[in-house]
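Participant: Got a predicted model here, sequence first, then my questions.
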Amino acid sequence: MSSDQPILETRGLSKQFARRPDLAERIAAVFGAAFDARSVRAVDDVSLSVSRGEVLGLVGESGCGKSTLGRMIAGILPPSSGDILYNGSDIRTHAVPGTAPADLAVQMVFQDPMSSLNPRKRVLDIIGEAPRVHGIVSAADSDQYVAELLHQVGLDASYRRRYPHQFSGGQRQRINIARALAVKPAFLVCDEAVAALDVSIQAQVLNLFMDLREAFDLTYLFISHDLGVVEHLSDRVAIMYLGRIVETAPTDALYRDPNHPYTRALLQEVPRVGAGRRRFTPVKGEIPSPLNPPAGCHFHPRCPQATARCRNEAPALREIAPQRFSACHLNTDS
Amino acid sequence: MPDNLLVIEDLHTHFDTPQGVIKAVDGVDLEVGGGEILGLVGESGSGKSITGFSILGLLDAPGRVARGSIRFKGEELVGASPERLRTIRGREIAMIFQDPMMTLNPVLRIDTQMIEAIRAHESLSEKAARTRCAEALERVGIPSPEERLNAYPHQFSGGMRQRVAIAIALLHRPALVIADEPTTALDVTIQAQIIHEVQLLCAQAGTAMIWITHDLAIVDSLADRIAVMYGGRIVENGPAADVIASPSHPYTRGLLDSVPSRNRRGSRLAQIPGMTPSPLNLPAGCAFQPRCSRATEACTAPPPPREFGDGHSVRCMHPLEQAA
């Protein structure tokens, strides 16, 4: 395979969550009442590609669909429509679950290090179960294998007989990372992996991510709402708003010269250390409900530069400079 | 300074547990002037929230103020009667919590909760109270406040709920507001809106504020003064610009250096080794000493406070050089 083929690609990926009718509504339907079948388009026609060895930062506010997108890529959530290609082949073409190459190669690190570890299992079983089941190590070697993994994520190997509650938040996140690494993945989806940690611990875990990337030649999709963390770690950044990608660009270019009005608003509003006292000039309004998103460009009700066209027509993601894409009518109007 | 609104001296708040005494706050000295915004910064378990709760007498058992004094407008709050504290809470000192869903009663309408808060301290007709509520909601930027008064908390978004909580806190125009991580649960754009409004409201009414947070970036853009807590003690205290530009305590320096956006992209972050000590078993002397690169034998004794003039002080045996 050629080296410029993306390791992972999504094409027109969408996810809708529909409400199922409850008992009363099903009875009402028998008598001919119409059911209000509203659905949420959590992810709406997203096409993204991630190159081998790249760190792609995915930024957005709560409810924008960034976690749903991450879960679909990790294979936890089936998409409603669209394709996910791993090394050029669709991850769903393998009929038997667990046999696709992407199933083990794409792993996920979750946000909450407590609720994502089984409190009744020892670290040895939490980390060691998957590689044993998948035949990566024999049961006899499992103990040694887990000890090595713990060492790689910066934990003492003697901890492997402990339970999750005996660890601090930062240590638990390291266990989470070790579990993801246990099946020798090539691609990690990190969903707000450092959001729950204190500043000094966050720095330690971010350093670990960077070390592991080098040691294991990993590719990351790094999902976060923290623009500072994403700026530090990512090669390229994608900004998401209400289910759609509104801008993607190499990190330097995006932070130096954001194109989409939403990206600009986001960057303006991040408090920064060293900026000193200042007055905030926040964008107006709230994130609209995804149950009933605004027509046209989803950002238009809050956008200071919105025109009539923005209210009616959804802008497509267009290339505005090499490697830079933005979904905004202002780029084509002028 | 006699004109200070709040003076905390040598505050010790302890929790007696079967495992031993947890010294959550272990000798805190703090002053807040009228209209001043103080940023109280620390990581989880540093005792910053417990300091806030101690001021309002909101400690849950087995927590207790073991020693020290908290004087508000010259009046001693430690050991004050529950009745006296109740008249101060809400009227003179108000609190904004991290999670607005926990402050608001989910089964009562907003108007019920707000009118109750007004009439707890003032005898006012229901109608007059309702008008006050609508005005308060309007001030914090809630559209169509008259209608929204009839809504329940779950009908508001997270940002709107926090605005309601702020409106309630400001109902009696308190002299001091204690805000405990009020924007941590919110999105970036909503956080900016809330900070913007709090800045405006405090400036208009001359309200003093203690903003408790783990986020240095927020206090830098908001606070007049910064106090950094570690292991139950204030390790550094000074004008915000000074503390950020030339931190004197190695811990403050370490915190600032580990903020990703202050590092060169892709480079390893400067990290503080180790982890926050358990409050059950704090190291002797300086609590930061086991993680500190400058620690020596001398650090096993409690470090005395050092003053640099202009109100910047530090508790460290080996403070970093001050930029001239």
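Facilitator: Yep, it's here. Numbering: from 1, shown residues only, chains lettered A, B, ... in the order given.
Participant: Stretch B:145-152 and chain A in contact?
Facilitator: No: looking at stretch B:145-152 against chain A by CB under 8 Å from any CB of the partner chain, there are no contacts, and the closest approach is 13.2 Å. (C-beta placed from N, C-alpha, C; glycine too.)
Participant: mind listing what's buried in that stretch?
Facilitator: B:145, B:148-149 (16 or more other CB atoms under 10 Å in any protein chain shown).
Participant: which one of those is nearest A:Tyr145?
Facilitator: Comparing those against A:Tyr145 with CB to CB places B:Arg148 closest, at 57.6 Å.
Participant: ok, now which ones touch the closest one?
Facilitator: Residues near B:Arg148 by CB atoms under 8 Å, 6 or more residues apart in numbering or on different chains: B:110, B:137, B:142, B:156.
Participant: Same question for B:Arg91.
Facilitator: With contacts defined as CB under 8 Å, 6+ apart, B:Arg91 is in contact with B:121, B:172, B:174.
Participant: distance of it from chain A?
Facilitator: Using CB to the nearest CB, to the nearest Å, one gets 29 Å for the distance from B:Arg91 to chain A.
Participant: number of nearby residues for A:Ser39?
Facilitator: Residue neighbour count, defined by other CB atoms under 10 Å in any protein chain shown, stands at 12 for A:Ser39.
Participant: That should have said A:Val106, apologies.
Facilitator: Neighbouring residues of A:Val106 were enumerated by other CB under 10 Å; the total is 26.
Participant: So what does it look like in phi/psi?
Facilitator: Dihedral angles of A:Val106 (phi, psi; degrees, to the nearest 10) stand at phi -110, psi 110.
Participant: do A:Ser62 as well
Facilitator: phi -60, psi 140.
Participant: OK, contacts around the closest residue to it other than its chain neighbours?
Facilitator: When the adjacent residues along the chain are set aside, A:Ser62 lies closest to B:Asp187, with 5.5 Å between them (CB to CB, 6 or more residues apart in numbering or on different chains). Taking CB under 8 Å, 6+ apart as the definition of contact, the neighbours of B:Asp187 are A:61-62, A:225, A:287, B:158-159.
Participant: where are the low-confidence patches of chain B?
Facilitator: Judged by pLDDT under 70, chain B has its weakly predicted residues at B:1-3, B:322-324.
Participant: same thing but at 80, please
Facilitator: Screening chain B residue by residue with the criterion pLDDT under 80, one finds the ranges B:1-3, B:101-102, B:185-186, B:261-266, B:275-276, B:278-279, B:309, B:321-324.
Participant: quick one: the helices in it?
Facilitator: In chain B, the segments counted as helices under DSSP state H are B:48-56, B:82-88, B:100-103, B:110-119, B:126-139, B:145-148, B:158-169, B:188-205, B:216-222, B:240-245, B:250-257.
Participant: residues in the stretch 201-334 of chain A within reach of chain B, list them.
Facilitator: Contact residues, the stretch 201-334 of chain A versus chain B (CB under 8 Å from any CB): A:201-204, A:206-207, A:210, A:225-229, A:231-233, A:251-252, A:265-266, A:268-283, A:286-287.
Participant: Now, of the residues you listed, which are buried?
Facilitator: Restricting these to buried positions leaves A:201-204, A:206-207, A:210, A:225-229, A:231-233, A:251, A:265-266, A:269-273, A:280, A:282-283, A:286-287, with burial counted as 16+ other CB under 10 Å.
Participant: Looking at those residues, which are in strands?
Facilitator: The strands, defined by DSSP state E, take in nothing from those.
Participant: now for the contacts of B:Asp187, which pair is the farthest apart?
Facilitator: Spatially, the most separated pair among these is A:His225 and B:Gly159, at 13.8 Å (CB to CB).
Participant: could you measure the residue positioned nearest the centre of chain B against chain A, distance?
Facilitator: Closest to where the C-alpha atoms of chain B average out (CA atoms, centre = their mean) is B:Ile212, at 2.7 Å. When distance is defined by CB to the nearest CB, B:Ile212 is 14 Å away from chain A.
Participant: coming back round to it: from the contacts of B:Arg91, pick the one nearest A:Met72.
Facilitator: The shortest gap between A:Met72 and any of the contacts of B:Arg91 belongs to B:Pro174, at 48.0 Å (CB to CB).
Participant: Return the residues in contact with the nearest residue to the closest one once chain neighbours are set aside.
Facilitator: When the adjacent residues along the chain are set aside, B:Pro174 lies closest to B:Ala94, with 4.3 Å between them (CB to CB, 6+ apart). Residues counted as contacts of B:Ala94 (CB under 8 Å, 6+ apart) are B:168-172, B:174, B:176-178.
Participant: now B:Gly285
Facilitator: With contact set as CB under 8 Å, 6+ apart, B:Gly285 has these partners: B:299-303.
Participant: From B:Pro303, how far out is it?
Facilitator: B:Gly285 sits 7 Å away from B:Pro303 when distances are taken as CB to CB, to the nearest Å.
Participant: hey, where'd the strands end up in chain A?
Facilitator: If DSSP E is used as the criterion, the strands of chain A fall at A:8-18, A:39-50, A:55-59, A:81-86, A:89-90, A:106-109, A:187-191, A:219-224, A:236-241, A:244-250, A:318-321, A:324-326.
Participant: Take the ones you listed and write them to a markdown table, including mean pLDDT and distance to A:Asn259.
Facilitator: Shown next, in a markdown table, are these (pLDDT from 0 to 100; distance: least, CB to CB, whole Å):
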| stretch | mean pLDDT | distance to A:Asn259 |
| --- | --- | --- |
| strand A:8-18 | 91 | 22 |
| strand A:39-50 | 90 | 17 |
| strand A:55-59 | 95 | 14 |
| strand A:81-86 | 90 | 25 |
| strand A:89-90 | 82 | 32 |
| strand A:106-109 | 92 | 30 |
| strand A:187-191 | 94 | 26 |
| strand A:219-224 | 94 | 20 |
| strand A:236-241 | 95 | 10 |
| strand A:244-250 | 95 | 6 |
| strand A:318-321 | 91 | 6 |
| strand A:324-326 | 94 | 4 |
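Participant: where does chain A dip in pLDDT?
Facilitator: Counting by pLDDT under 80, chain A contains low-confidence ranges at A:1-4, A:19-21, A:32-38, A:91-103, A:113-114, A:271, A:273-287, A:289-291, A:333-334.
Participant: Mind doing that once more with 70?
Facilitator: In the predicted model, chain A carries pLDDT under 70 at residues A:1-3, A:35-37, A:93-101, A:279-280, A:333-334.
Participant: Redo the helices of chain B as JSON lines? Include distance to A:Ile76.
Facilitator: Output for the helices of chain B, formatted as JSON lines (distance: least, CB to CB, whole Å):
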{"stretch": "helix B:48-56", "distance to A:Ile76": "35"}
{"stretch": "helix B:82-88", "distance to A:Ile76": "50"}
{"stretch": "helix B:100-103", "distance to A:Ile76": "27"}
{"stretch": "helix B:110-119", "distance to A:Ile76": "38"}
{"stretch": "helix B:126-139", "distance to A:Ile76": "41"}
{"stretch": "helix B:145-148", "distance to A:Ile76": "38"}
{"stretch": "helix B:158-169", "distance to A:Ile76": "25"}
{"stretch": "helix B:188-205", "distance to A:Ile76": "26"}
{"stretch": "helix B:216-222", "distance to A:Ile76": "33"}
{"stretch": "helix B:240-245", "distance to A:Ile76": "41"}
{"stretch": "helix B:250-257", "distance to A:Ile76": "35"}
